[in-house]
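Undergrad: Please work out how this folds:
(one chain, ligands or ions: 2)
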Amino acid sequence: MAKLFRAAIMGPPGSGKGTISQRIAQSFGLQYLSSGHYLRESIAANTEAGVLVRTYVERSMLVPDHVMTRLMLPRLEHLIGHSWLLDGFPRTLSQAQALSNLCQLDLVISLNIPYETLKERLSDRWIHPVSGRVYNMGFNPPRVQGKDDITGEPLIQHDDDKPEALMARLRHYKDVAKPVINLYKSQGILHSFSGTDTDRIWPYINSLLSTKMHMQPSDFFQTQTP
Ligand SMILES: Nc1nc2c(ncn2[C@@H]2O[C@H](COP(=O)(O)OP(=O)(O)O)[C@@H](O)[C@H]2O)c(=O)[nH]1
Ligand SMILES: Nc1ncnc2c1ncn2[C@@H]1O[C@H](COP(=O)(O)OP(=O)(O)O)[C@@H](O)[C@H]1O
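TA: Ligands and ions are numbered 1, 2, ... in the order given. So this is what the prediction gives:
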C-alpha cells in the first residue's frame with residue numbers, strides 16, 4: 001500500500017520554492033500545486049474571478065483568503081488518495097486554518113534565504129507568463145536568450161521582481177508568514193533550511209523526504225487510503 005504524503009513549501013519570493021518543488025515532484029512523484037500558477041491560469045482565462053485576482057497580483061498584493069481557499073481547496077479535494085506538495089499556499093494563518101479543516105499536513109519546508117541573495121536572483125528572474133516556467137540568466141538560463149525552451153515564446157520580467165519593490169514584499173511576507181510558521185512549528189512538522197544556493201540545500205531536503213516518505217503509515221496522524 002502506497003503511503004500518502006502531504007507537504008507544503010514556504011519561503012519569501014525568490015527563495016527557490018518553485019525550483020525546489022519541481023525537483024521534489026520529479027524525484028518523489030508528488031502532485032505539485034502552485035498557487036501562483038493557478039492564479040495566473042485564472043487571470044489568463046479572464047473569468048470574473050480572474051479579473052478580480054489580476055487587480056491583486058499586478059500590485060503584488062495578497063489575494064483575499066476566501067478567493068485563495070476557493071481556488072485551492074477544491075483541487076486538493078480532487079486529490080484524495082494522492083500525495084501532493086503545495087507551493088505558495090497556505091500563505092496566511094486563515095488559509096492554514098482552512099486547509100487544516102480539510103487535511104493534516106505531514107511536513108512543511110521553510111526556506112530562509114538572505115535578502116541580498118533574493119535581490120540578486122529576482123533581478124535575474126525571467127518567466128514564461130503562460131506556463132509559469134521560471135529561468136535565471138545565471139543559474140538556469142533558457143537555451144535561447146529571452147525565449148521559453150518549450151514554446152519559443154518571449155520571456156518577461158515581473159515589475160515586482162525589481163529591487164525597488166522587493167524590500168516591501170519581503171517585509172510583508174515575513175509579517176504574514178510568521179504566525180503560519182509558528183503554527184507548523186508547534187505541530188512539530190516544520191523543517192527550516194538556510195543558505196544561498198539551492199543546489200546545496202537540495203540534498204538535505206532530498207534526504208529528509210526520503211526518510212519521511214519511507215516511514216510506516218502508522219507514523220502519520222491521518223488514516224491513509226490505499
Ligand atoms: N543564482 C541562483 N539562482 C537560483 C537558485 N535557486 C533558484 N534560483 C533562481 O532564482 C529565481 C527564484 O527562484 P524560484 O524557484 O522562482 O523562487 P520562488 O519565488 O520562491 O518560487 C529563479 O529565477 C530561479 O531560477 C540558486 O541557487 N542560485
Ligand atoms: N496563498 C496566496 N495568498 C494570497 N496571494 C497569493 C498566494 N499565492 C500567490 N499569491 C499572489 O500571487 C502572486 C505570485 O505568487 P507566486 O507565483 O507564488 O510568486 P512569489 O513567491 O514570487 O510571490 C503573489 O505576489 C500574490 O499576489
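
Undergrad: What parts of this protein come near ligand 2?
TA: 13, 35-36, 39, 56-57, 60-63, 68, 88-89, 91, 95 (C-beta under 6 Å from any ligand atom). Just so you know, the C-beta spots here come from the backbone N, C-alpha and C atoms, and that holds for glycine as well.

Undergrad: just to confirm, which helix or strand has the residue in the chain that ligand 2 sits nearest to in it?
TA: Here the residue of the chain nearest ligand 2 is residue 36; by C-beta to the nearest ligand atom that distance is 2.0 Å. For residue 36, the host element (DSSP states H and E) is helix 35-45.

Undergrad: would you put the C-alpha positions of that helix in CSV?
TA: What follows is helix 35-45, C-alpha atoms only, in CSV (Å, rounded to 0.1, in the frame of the first residue of the first chain):
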residue,chain,number,x,y,z
SER,A,35,-0.9,28.9,-6.0
GLY,A,36,0.9,31.4,-8.3
HIS,A,37,0.3,29.0,-11.3
TYR,A,38,-3.4,28.7,-10.6
LEU,A,39,-3.7,32.4,-10.1
ARG,A,40,-2.0,33.1,-13.4
GLU,A,41,-4.2,30.5,-15.0
SER,A,42,-7.4,32.1,-13.8
ILE,A,43,-6.1,35.6,-14.9
ALA,A,44,-5.4,34.1,-18.4
ALA,A,45,-8.9,32.6,-18.5
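
Undergrad: The following helix or strand past that helix: how far from the chain's middle?
TA: Going down the chain from helix 35-45, the next helix or strand is helix 48-57, by DSSP H and E. Helix 48-57 has its C-alpha centroid displaced from the chain centroid by 19 Å (C-alpha atoms, centre = their mean, to the nearest Å).

Undergrad: So for helix 48-57, mean pLDDT?
TA: Averaging pLDDT along helix 48-57 yields 90.

Undergrad: Nearest residue to the middle of this protein?
TA: residue 87 (2.0 Å; C-alpha atoms, centre = their mean).

Undergrad: Residue 109 belongs to a strand?
TA: Yes. Secondary structure assignment (DSSP: H, G, I helix; E, B strand; the rest coil) places residue 109 inside a strand.

Undergrad: how many neighbours does it have?
TA: 26 (other C-beta atoms under 10 Å).

Undergrad: For the closest residue to it other than its chain neighbours, identify the helix or strand it belongs to.
TA: Excluding its sequence neighbours, the residue lying closest to residue 109 (C-beta to C-beta, 6 or more residues apart in numbering) is residue 9, at 4.6 Å. Using DSSP H and E, residue 9 sits in strand 6-10.

Undergrad: Give me the contacts around that strand.
TA: 17, 20-21, 24, 30, 83-87, 89-91, 103-111, 177, 180-181, 209 (C-beta atoms under 8 Å, 6 or more residues apart in numbering).
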